[in-house]
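Chemist: Pasting the sequence and the predicted coordinates here, then a few questions.
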Amino acid sequence: MKTTIQEQDGNMVAILEGRLDTAAAVETEKAMNPLNDVEGKDIIIDCTALEYISSAGLRIFLGILQNAQAKGVHVYLKGVSENVRAVFAITGFISLFEFK
């Protein structure tokens with residue numbers, strides 16, 4: 001699992017590549033921790049290269065969302081595959097996030 005965070009067009013973008021399963025969750029959560037400090041910018045989580053997400057991955061996304069909402073920051077998911085989108089739909093998370 002590879003996580004890259006960068007600023008693009010005034011937004012903070014996290015690019016996820018690989019499988020966000022339980023084994024990768026701890027390292028991914030550490031890598032995404034800077035998103036918890038974002039203020040005044042939108043957060044975009046680019047899932048174009050995300051092959052799989054487990055419940056541990058969903059928990060990371062939810063934590064980022066809750067922290068961002070408390071600061072008035074929007075979180076968007078971009079490039080979500082049908083397989084990953086299905087996990088969001090089954091768990092009800094699809095109604096929590098905005099998709100680009």
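Modeler: Done, it's in. Residues are numbered from 1 along each chain as shown.

Chemist: Report the contact partners of R85.
Modeler: I94, F99 (C-beta atoms under 8 Å, 6 or more residues apart in numbering). For the C-beta atoms, the positions are set from N, CA and C on the backbone; glycine is no exception.

Chemist: 6 Å instead, please
Modeler: By C-beta atoms under 6 Å, 6 or more residues apart in numbering, the contact set of R85 is empty.

Chemist: Which of the three states applies to it?
Modeler: Here R85 is helix, with the state taken from DSSP: H, G, I helix; E, B strand; the rest coil.

Chemist: can you tell me how far it sits from L62?
Modeler: With the distance defined as C-beta to C-beta, to the nearest Å, R85 ends up 16 Å from L62.

Chemist: which residues in the chain form strands?
Modeler: Secondary structure of the chain (DSSP state E): strands at 2-8, 11-20, 43-53, 75-78, 98-99.

Chemist: closest one to P34 among those strands?
Modeler: Minimum separation from P34 across the strands of the chain (C-beta to C-beta) falls at strand 2-8, 5.6 Å.

Chemist: Look up how far T91 lies from V13.
Modeler: Counting by C-beta to C-beta, the separation of V13 from T91 is 24 Å.

Chemist: Pull the contacting residues for the closest residue to L50 other than its chain neighbours.
Modeler: Residue nearest to L50 in three dimensions, not counting chain neighbours: L16, with 4.5 Å by C-beta to C-beta, 6 or more residues apart in numbering. Listed by C-beta under 6 Å, 6+ apart, the contact set of L16 reads T3, C47, L50.
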